[in-house]
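Enquirer: A structural model of the following input is requested.
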Amino acid sequence: MKVVVQVKLMPEADQAAVLRSTLRTVNEAATWVAKVAFEHGVPREYELRKHTYAELKARGLGAQAAQHVIKKTRDAYTTLKANIRAGNYGRPGSKRRVKAESKPITFRPEAAQPYDDRCLSWNLDARTVSIWTVAGRLKNISFACSPDGLGLLASRKGESDLIERDGMFFLIATVDLPDPAVAEPERFLGVDLGIVNIATTSDDEVMAGRGLNRHRKRQLELRKKLQAKGTQSAKRLLKNRSRKEMRHSKNVNHIISKKIVTEAERTGRGIALEDLTGIRGRVRLRKPQRVTLHSWAFAQLGQFLTYKAKKTGVALVFVDPAYTSQECSDCHHIEKKNRVDQALFICRACGVVAHADRNASRNIAARGEAVWIAGRESRVPTAT
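Expert: Residues are numbered from 1 along each chain as shown. This is a model prediction of the structure:
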């Protein structure tokens, strides 16, 4: 399994200026390479290198840096093509899809730049790095990292990404760890993800989203006031508060995911989640509701649950979300009228009254068990 370790660089003022200049140079070059690729119909990486390598060297990029710029540009087009094929930019002819297909990719000045072991070396004992820049190699740049992260860096292999965020520099290293054995689950813990209740488990535990939604509402109102004010101090405060809501939401998701995985591990169960891929594109809401939907960090919570479960050897499956909120977990009768409102579920067939999210989580748990059994049976070799 792959684990990402983030370390914060602590360069001197002159070193920070060089790192900033390096990121801007390589990303300007990547934007130029993307334009060339677009004009030539996005050729393969080897062909793209023929059109761009000499110019990249002339712009002051080292051999490895030039190769990485070409590769990250080609990878960006591969990702764009995959998203278009998956329908993430809408149907053919839609405004968003036409816009994505009709112009070359551009890179932000502070976008990530990959470094391999030829361009970046680590001294874990001294907690310093040596890194290539357009002004030459910078040596003995200190970095800060958690003790756990430092231990993981010892088994680091491959590339690391340099990024700039709010004037600070970070290295994102990917560590490849052996996959722990997945324990055979006795049962499954169903998890229903929502906006009013962030997560509801089939153990009837509800992680309410009232606090997070209030925080988001306060942040939205504050941003409106500061934007309306428009003074230099208001703009400075807006910049200082940027991503505050995102960090708070991320912390909440970390806490919830850890709690769910710990409970599943303690009880020897697996975890069942709904596959909510593409839900934002499928759901149609009134304008006042769109902010709430697009602020819903369900994908991040799903990612946290996935990697924490994998790290601890807990089985995790994704199930079809269709009708989980309309199906009775007792008699399995499906009817739209069963879902009375956001919180109340009353089965029209057997009369069961339940909390709607708790009922849905039990359906998810049952589907998770069925999916796991089907997968387990498919792995049994056929008799010869």
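
Enquirer: which residues of the stretch 151-300 of the chain score low on pLDDT?
Expert: Residue ranges of the stretch 151-300 of the chain with pLDDT under 70: 278-297.

Enquirer: now do the helices in it.
Expert: Per DSSP state H, counting those that start in this stretch, the stretch 151-300 of the chain carries helices over the ranges 210-229, 232-240, 244-267, 279-282, 287-294, 298-312.

Enquirer: mean neighbour count, those helices: which tops it?
Expert: Ranked by mean neighbour count under mean count of other Cβ atoms under 10 Å, the helices of the stretch 151-300 of the chain are led by helix 298-312, which reaches a mean of 18. Every residue, glycine included, has its C-beta placed from N, CA and C.

Enquirer: what sits up against that helix?
Expert: Applying Cβ atoms under 8 Å, 6 or more residues apart in numbering, the external contacts of helix 298-312 come out as 1, 3, 179-180, 191, 193, 198-199, 249-250, 253-254, 256-258, 260-261, 264-265, 271, 273, 276, 279, 314-316.

Enquirer: stretch 117-126 too?
Expert: Stretch 117-126 has contacts (Cβ under 8 Å, 6+ apart) with 62, 64-65, 68, 128-132, 140, 150, 153-154, 156, 160, 171.

Enquirer: stretch 348-357 too?
Expert: Under the contact criterion Cβ under 8 Å, 6+ apart, stretch 348-357 has outside partners 192, 194, 197, 200, 204, 206, 325, 328-331, 333, 335, 337-347, 359.

Enquirer: and the average pLDDT for that stretch is what?
Expert: Mean per-residue pLDDT for stretch 348-357: 91.

Enquirer: what's the answer for stretch 112-124, then?
Expert: Stretch 112-124 shows a mean pLDDT of 93 in the predicted model.

Enquirer: what residues of that stretch count as buried?
Expert: The neighbour-count check on stretch 112-124 (16 or more other Cβ atoms under 10 Å) flags 112-115, 119-120, 122 as buried.

Enquirer: and stretch 21-36, by the same measure?
Expert: So for stretch 21-36, counting by 16+ other Cβ under 10 Å, buried means 22-27, 29-36.

Enquirer: ok, now stretch 160-174?
Expert: For stretch 160-174, burial by neighbour count (16+ other Cβ under 10 Å) applies to 160-164, 169-171, 173.

Enquirer: and those residues, which two are furthest apart?
Expert: The largest separation in these, counting by Cβ to Cβ, is between 164 and 173 at 16.3 Å.

Enquirer: now name the helix or strand holding residue 373.
Expert: helix 356-378 (DSSP states H and E).

Enquirer: so which of the buried residues of stretch 112-124 comes closest to residue 46?
Expert: residue 114 (18.2 Å).

Enquirer: that closest one is in contact with residue 68, isn't it?
Expert: Yes - using Cβ atoms under 8 Å, residue 114 is in contact with residue 68, at 4.9 Å.

Enquirer: what residues are shared contacts of these two?
Expert: residue 159.

Enquirer: residues near the nearest residue to residue 183 once chain neighbours are set aside, how many?
Expert: Nearest residue to residue 183 in three dimensions, chain neighbours excluded: residue 313, at 5.3 Å (Cβ to Cβ, 6 or more residues apart in numbering). Burial of residue 313 is recorded as 12 neighbouring residues (other Cβ atoms under 10 Å).

Enquirer: per-residue pLDDT, the spatially closest residue to residue 181 that is not a sequence neighbour?
Expert: With sequence-adjacent residues excluded and distances taken as Cβ to Cβ, 6+ apart, residue 181 is closest to residue 313, at 5.7 Å. Confidence at residue 313, expressed as pLDDT, is 92.

Enquirer: contacting residues for residue 313?
Expert: Counting by Cβ under 8 Å, 6+ apart, residue 313 has contacts 180-183, 265.

Enquirer: show me what the host helix or strand of residue 35 packs onto, helices and strands only.
Expert: Element membership of residue 35 [criterion: DSSP H and E] is helix 13-39. Packing partners of helix 13-39 (3 or more Cβ pairs under 8 Å, 6 or more residues apart in numbering; DSSP states H and E): helix 45-58, helix 63-85, strand 113-115, strand 128-133, strand 136-144, strand 156-165.

Enquirer: ok, residues contacting the second one?
Expert: By Cβ under 8 Å, 6+ apart, the list of residues contacting helix 63-85 from outside reads 26, 29-30, 33-34, 37, 42, 44-45, 48-49, 52-53, 56-57, 61, 89, 97, 100-101, 105, 107, 113-116, 118-119, 132, 159.

Enquirer: do that again at 6 Å, thanks
Expert: Contact partners of helix 63-85, identified using Cβ atoms under 6 Å, 6 or more residues apart in numbering, comprise 26, 29-30, 33-34, 42, 45, 48-49, 53, 56-57, 105, 114, 118-119.

Enquirer: ok, now the shortest one?
Expert: For strand 113-115, contacts defined as Cβ under 6 Å, 6+ apart pick out 26, 68, 159-162.

Enquirer: I'd like the distance from it to the chain centre, please.
Expert: In this view, strand 113-115 has its centroid 19 Å away from the chain centroid, taken as Cα atoms, centre = their mean, to the nearest Å.

Enquirer: how about the fifth one?
Expert: The gap between where strand 136-144 is centred and where its chain is centred comes out at 28 Å by Cα atoms, centre = their mean.

Enquirer: so what's residue 6 bridging to?
Expert: Counting by DSSP bridges, residue 6 is bridged to residue 172.

Enquirer: quick check: closest non-adjacent residue to residue 333.
Expert: Nearest non-adjacent residue to residue 333, counting by Cβ to Cβ, 6+ apart: residue 349, 3.7 Å away.
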